[in-house]
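**Q** Predicted model, plus sequence, below.
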Amino acid sequence: MPEVIVDHALCTGCGTCADFCPVEVFEMRGNGNGRLYANPIRQENCWACDTCVGQCKRNAIQIIETGDEIAAKSQRDTATARPIPHSEKQLYASWHETLRTVLGLRWAPVAIKLIPQGDPLPDVPMPRTKLRYCQSLMMARRGKSLLMPAQCHACPDGTHILGLTEIPPKLASGELYLHFKKLASMDAARQMIAERPRLPEKSMQATLVTPLNKAVLTPDVVAVIAQPEQMMWLTMASSFYTGHRSTFQISGYNAQCVETTLIPYTRGEFNLSLGCYGCRASSDVSDDLMFMGVPIGQMPDLIRGLESLGRKAIPDSRNKVYLPPNI
Ligand code: SF4
Ligand code: SF4
């Protein structure tokens, strides 16, 4: 269980941490001198999401993670999942190579697997401290493989959306979104919640992210983190054989859990995301990057289309063949 420490010498009793904590860890109490201060009376609820730390203007809060909870619960009581066959690994490695070389991707494409309750877990390391799902994706693009059961997840929003936990009441009501001043009213907050997909509560046991060429289970979705020009080629590759235009669901909310993962997962169609407040505030992703989630069923045609584009259209465009002469 994370330890929540408030430095009462710094705390002004403004109550911001109590407003922003999604799981009601804090209660504002008087110190007997007519002054209020934040008291973390329900530490057992803490997700280590660091929202209070980020919002406290006085830097009065520390969240100390011992890792005990993760270590205790990571005693695997289910059988280890059987790794995918070598031929399947080779296929994903070849897709990985095509994406990186044809597009010139800086970051590894990421294989995402949502592991349902009761399924065996793969033999993949868990993080030593809690992470947000978006943070785990950003680490996988740098080459890390991470298995994250519910107790490893730090974001109450993404974790319930992905079906790992129940939705905290403050999120279900929409109240928390108003504190961040990201929406105008409770009605707007409720509408935003109603329109975004989420999996049934506790239907999933864990998330797994790995670089695509290190996939150990068949991915549900492949995520690509890339610049707009590279996304343009991926979008064209997806319609190379059909000529269809693409329609995306983008909101600026819940980019990685909803837009990159759950929309492709539930609809079987790829989706583009511009990122969101949460993933940009809590990871080192640069401002020029966008995100795409491709369901595994669409990958073979997308890769074939991309290979075809890479023979002429992509090099022609990048060589600026129609640039006018200087006049
Ligand atoms: S946000 Fe900071 S200053 Fe305000 S009550 Fe909480 S700990 Fe105190
Ligand atoms: S880290 Fe998150 S869950 Fe824990 S006390 Fe702060 S806001 Fe609440």
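**A** Looks like it arrived, so ask away. Residues are numbered from 1 along each chain as shown. Ligands and ions are numbered 1, 2, ... in the order given.
**Q** what about the residue of the stretch 151-300 of the chain found nearest ligand 2, distance to ligand 1?
**A** When scored by CB to the nearest ligand atom, the stretch 151-300 of the chain has Pro156 as its residue closest to ligand 2, at 7.1 Å. Using the backbone N, CA and C atoms, a C-beta is placed for each residue, glycine as well. According to CB to the nearest ligand atom, to the nearest Å, Pro156 and ligand 1 sit 18 Å apart.
**Q** now swap in Arg198 and tell me
**A** From Arg198 across to ligand 1, the span is 29 Å (CB to the nearest ligand atom).
**Q** Name the next helix or strand following the helix or strand Leu137 falls within along the chain.
**A** Secondary structure from DSSP states H and E places Leu137 in helix 133-140. Following helix 133-140 in sequence order, the next helix or strand is strand 146-149 (DSSP H and E).
**Q** what's that next one in contact with?
**A** By CB atoms under 8 Å, 6 or more residues apart in numbering, the surrounding residues in contact with strand 146-149 are 73-74, 121-122, 124-127, 131, 133, 136, 139-140, 164, 205-210.
**Q** do the same with stretch 85-96
**A** Outside stretch 85-96, the residues that reach it (CB under 8 Å, 6+ apart) are Ala108, Pro109, Ala111, Pro211, Leu212, Asn213, Ala215, Thr218, Pro219, Val222, Met299, Ile303.
**Q** Return it as PDB; C-alpha atoms alone will do.
**A** Extracted in PDB, the C-alpha atoms of stretch 85-96 (Å, rounded to 0.1, in the frame of the first residue of the first chain):
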ATOM      1  CA  PRO A  85       5.000 -20.400 -31.700                       C
ATOM      2  CA  HIS A  86       8.300 -19.400 -33.300                       C
ATOM      3  CA  SER A  87       6.600 -18.800 -36.700                       C
ATOM      4  CA  GLU A  88       4.100 -16.300 -35.200                       C
ATOM      5  CA  LYS A  89       7.000 -14.500 -33.400                       C
ATOM      6  CA  GLN A  90       8.800 -14.300 -36.800                       C
ATOM      7  CA  LEU A  91       5.700 -12.800 -38.400                       C
ATOM      8  CA  TYR A  92       5.400 -10.100 -35.800                       C
ATOM      9  CA  ALA A  93       9.200  -9.400 -36.000                       C
ATOM     10  CA  SER A  94       8.800  -8.900 -39.800                       C
ATOM     11  CA  TRP A  95       5.800  -6.500 -39.300                       C
ATOM     12  CA  HIS A  96       8.000  -4.600 -36.700                       C
END
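**Q** Give the buried residues for that stretch.
**A** Leu91, Tyr92, Trp95, His96 (16 or more other CB atoms under 10 Å).
**Q** which of the residues you listed come close to ligand 1?
**A** Contacts with ligand 1 are made by none of these, judged by CB under 6 Å from any ligand atom.
**Q** how about Cys52, secondary structure?
**A** helix (DSSP: H, G, I helix; E, B strand; the rest coil).
**Q** With ligand 2 as the reference, measure out to the most centrally placed residue in the chain.
**A** By CA atoms, centre = their mean, the chain has its centre lying nearest to Cys134, at 2.6 Å. Distance, Cys134 to ligand 2, by CB to the nearest ligand atom: 15 Å.
**Q** ditto for Glu65
**A** 10 Å.
**Q** Was I right to think that residue contacts Thr129?
**A** Yes: using CB atoms under 8 Å, Glu65 is in contact with Thr129, at 4.6 Å.
**Q** Contacts for stretch 38-48, please.
**A** Contacts for stretch 38-48 (CB under 8 Å, 6+ apart): 1-6, 11, 13, 15, 17-18, 22-29, 60-61, 63, 65, 129-130, 153-156, 159.
**Q** now do stretch 255-271
**A** Applying CB under 8 Å, 6+ apart, the contact partners of stretch 255-271 are 112, 114, 133-134, 137, 155, 157-158, 161-162, 196-199, 220-221, 223, 234, 238, 246, 248-251, 272-276, 278-279, 291-295, 297-298, 302.
**Q** next one: it to chain centre, how far?
**A** Its chain's C-alpha centre lies 11 Å from the corresponding centre of stretch 255-271 when counted by CA atoms, centre = their mean, to the nearest Å.
**Q** Give me the buried stretch members for that stretch, please.
**A** Across stretch 255-271, burial judged by 16+ other CB under 10 Å covers 255-265, 269-271.
**Q** want to throw the residues you listed into CSV with distance to Ala184, secondary structure and pLDDT?
**A** CSV is the format used below for the buried residues of stretch 255-271 (distance: CB to CB, whole Å; DSSP: H, G, I helix; E, B strand; the rest coil; pLDDT from 0 to 100):
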residue, distance to Ala184, secondary structure, pLDDT
Ala255, 21, helix, 95
Gln256, 25, helix, 95
Cys257, 23, helix, 97
Val258, 21, helix, 97
Glu259, 22, helix, 97
Thr260, 26, helix, 98
Thr261, 27, helix, 98
Leu262, 25, helix, 97
Ile263, 25, helix, 97
Pro264, 30, helix, 98
Tyr265, 30, helix, 98
Glu269, 30, coil, 96
Phe270, 31, coil, 97
Asn271, 26, strand, 98
